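Okay, predicted coordinates and the sequence, questions at the end:
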Amino acid sequence: MSTHDPAEGADRLARPASALPASIDHRAAERAATDRASFSAFYRETIKPLVAYLIVSGTPAPIAAEIAQECMIELFRRWGSVSHPRAYVYKAAGRMWGRRVAKVRMEVPVEELPEPTSLVPKPDALTEFEARHDSLQILKALPPRQGQVLALDCDGFTSAEIAQQLELEPATVRAHRLRARRAAARIKEGEEEQ
């Protein structure tokens with residue numbers, strides 16, 4: 001049997017104190033790079049549907065783009081702590097528009113088109129896009145809450161997620177969805193008859 005103390009040679013194997021923070025910094029940098037990459041992918045996938053949702057909710061296009069950007073910035077700040085980012089930005093955007101709707105003066109059509117933005121590169125392209133996509137016209141023709149529910153439904157949200165975002169009961173969401181689908185079918189039939 002040996003009388004060797006196992007702790008005797010431990011100091012030779014231990015890392016120097018200065019090496020420890022570098023490895024922690026390296027891990028933090030890797031984690032930050034992964035977070036940036038995942039947020040970037042989320043942003044590219046979500047920003048345009050979010051702007052479209054706001055437009056369907058009655059937000060003018062330039063303000064919809066601005067609100068969507070502000071929500072994405074806020075989400076990026078909280079990226080590590082938000083468990084459902086898509087629900088977070090949709091709910092935040094809806095609330096932000098709700099706070100601003102009373103302050104926004106609906107614009108009167110003008111001769112000059114507004115400045116292009118990265119989300120709406122050609123302002124007149126939005127009108128062309130809306131005209132080409134009948135579903136947007138139908139969503140805009142619905143009562144606001146039904147339009148919101150149907151737009152979120154088309155974006156793949158479940159009844160429970162929609163209820164949470166709009167602060168409604170799931171049964172109420174299902175009722176709005178049913179009414180919205182019936183109204184959309186009537187609108188579509190009316191268009192086909194003309």
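Yes, it's here. Fair warning: this is a prediction, and the values are worked out from it, not measured in the lab. Numbers count the residues shown, from 1 in each chain.

neighbours around Met72, how many?
Neighbours of Met72 under the rule other Cβ atoms under 10 Å: 20. C-beta here means a position set from N, CA and C on the backbone, and glycine is covered the same way.

in stretch 96-104, what's buried?
Buried residues in stretch 96-104, defined by neighbour count with 16 or more other Cβ atoms under 10 Å: 96-97.

again with stretch 53-71
Per 16+ other Cβ under 10 Å, stretch 53-71 contains these buried residues: 53-57, 59-69, 71.

One more: stretch 80-95?
In stretch 80-95, counting by 16+ other Cβ under 10 Å, buried: 85-94.

Among the residues you listed, which one sits closest to Asp153?
Tyr90 (12.2 Å; Cβ to Cβ).

Apart from its chain neighbours, what residue comes closest to the closest one?
Residue nearest to Tyr90 in three dimensions, not counting chain neighbours: Gln165, with 5.4 Å by Cβ to Cβ, 6 or more residues apart in numbering.

and the protein, what are its domains?
The chain breaks down by automatic domain parsing into domains covering 30-102, 125-194.

rank those domains by mean pLDDT and give me the bottom one.
The minimum mean pLDDT among the domains of the chain belongs to domain 125-194 (a mean of 81).
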